Structure formats: structure tokens, C-alpha cells
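**Student:** Could you look at this predicted model? Sequence included:
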Amino acid sequence: MQLSSSAFSGGSPIPRRFTCDGEDLSPHFDWEAAPSTTRSFAFLCDDPDAPAGKWHHWAAYDINADQTGLAEGASLDGGMARFKQAINDFRRVGYSGPCPPRGHGRHRYHFRLLALSVDHLSLGAKPSCREVEREARRHVIAEATLVGIYQR
């Protein structure tokens, strides 16, 4: 399975508009070559370089198996989206872009697509990103990662 973005390539800087210093939009993503047994997808974004440990920026889940990407700003669709979103570590539902402490250096942002063996994750009404990831990992059949860089 392969994950790509028209906004940035693997290992390159994430443009400002997709961060807390810009418009804080979720970038556009495409994927291909998902296993034929995929029943749904989960999409995660986290920063393993955060001072307090892994910081969760986004978890979108129950994404239909026939979907092959997420449009720019997909996290803002306000109920129109064909997926659910978790509460991130900023205590907001949806995407909150890269926002490392000023002067903390380069942070790597891991965008992960998980192909799952179930149609829907068994979660409460307002799960955290951590809860989504924990439940999704129980059903993973394939995973793709794209890493972007941001510093302030």
C-alpha cells in the first residue's frame, strides 16, 4: 500500500498553510494498492518528537474501503465527511496541524494510513486519537506512512 500527498513528499517540509502558523488545513492525501480484503481505513497523524512524548494531531476512522484519498481540508467537512474523527491532543475534534514549540527544532510528523479488516471500529461516542489507534491496531492488515517535517 502506498500513501502520497500533493502538498509535500516524504521527508520534506510540510507547507505552512497546513500548520498552526497557517490555515491549519488537513493536507490532500492519495493512496493506492490497498489489500483486496480491506473493509475500512483509519488515518492517523502524530508527532513523535513532541517534548512530552508522542502527540496526536488527527485520527479519522471508519473511512469507506472504496475511498482512495482525502481532499485538502477534509477534516473541516462538518458532518459532510464520509468518516468519523477523534478528539486530538489539543482537545479538539478533527485535524490540528503541526505546531511544535518555537525553537524546539525539527519535528517529524507521521501520517499513517491503516487498512482494516472491519467496516467500523467499536468505539464510544467521542474517542481520543489514542483510543482510535489502539482499536484500529487490532484490525490492521496493511499500513502506509508518509513523514513530513516542520519546525518553528
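**Tutor:** Received, thanks.

**Student:** Quick one: distance of the one helix or strand residue 114 maps to to the chain centre.
**Tutor:** Using DSSP states H and E, the secondary-structure element containing residue 114 is strand 107-116. Per CA atoms, centre = their mean, to the nearest Å, the displacement of strand 107-116 from the mean C-alpha position of its chain is 6 Å.

**Student:** after it, next one along is what?
**Tutor:** Assigned by DSSP H and E, the successor of strand 107-116 is helix 129-137.

**Student:** and the angle for the next helix or strand after that next one with strand 107-116?
**Tutor:** Going down the chain from helix 129-137, the next helix or strand is strand 140-150, by DSSP H and E. Per axes from the mean of the first three to the mean of the last three CA atoms, to 10 degrees, the angle that strand 140-150 makes with strand 107-116 is 160 degrees.

**Student:** From the rest of the structure, what touches stretch 84-102?
**Tutor:** Stretch 84-102 has contacts (CB atoms under 8 Å, 6 or more residues apart in numbering) with 14, 18-22, 24-26, 45, 47, 49-51, 55-62, 75-76, 107, 109, 126-129, 131-132, 148, 150-152. Glycine gets a C-beta too; all of them are placed from N, C-alpha and C.

**Student:** the inter-axis angle of the strand holding residue 114 versus helix 129-137?
**Tutor:** Here the directions of strand 107-116 and helix 129-137 differ by 40 degrees (the same axes, to 10 degrees).

**Student:** which strands and helices sit next to strand 107-116?
**Tutor:** strand 2-4, strand 29-32, strand 40-47, helix 129-137, strand 140-150 (3 or more CB pairs under 8 Å, 6 or more residues apart in numbering; DSSP states H and E).

**Student:** What strands flank that strand, and is each parallel or antiparallel?
**Tutor:** strand 40-47 (antiparallel), strand 140-150 (antiparallel) (DSSP bridges).

**Student:** next one: the shortest one to chain centre, how far?
**Tutor:** In terms of CA atoms, centre = their mean, the centre of strand 40-47 is found 4 Å from the chain centre.

**Student:** Good, we can wrap up now.
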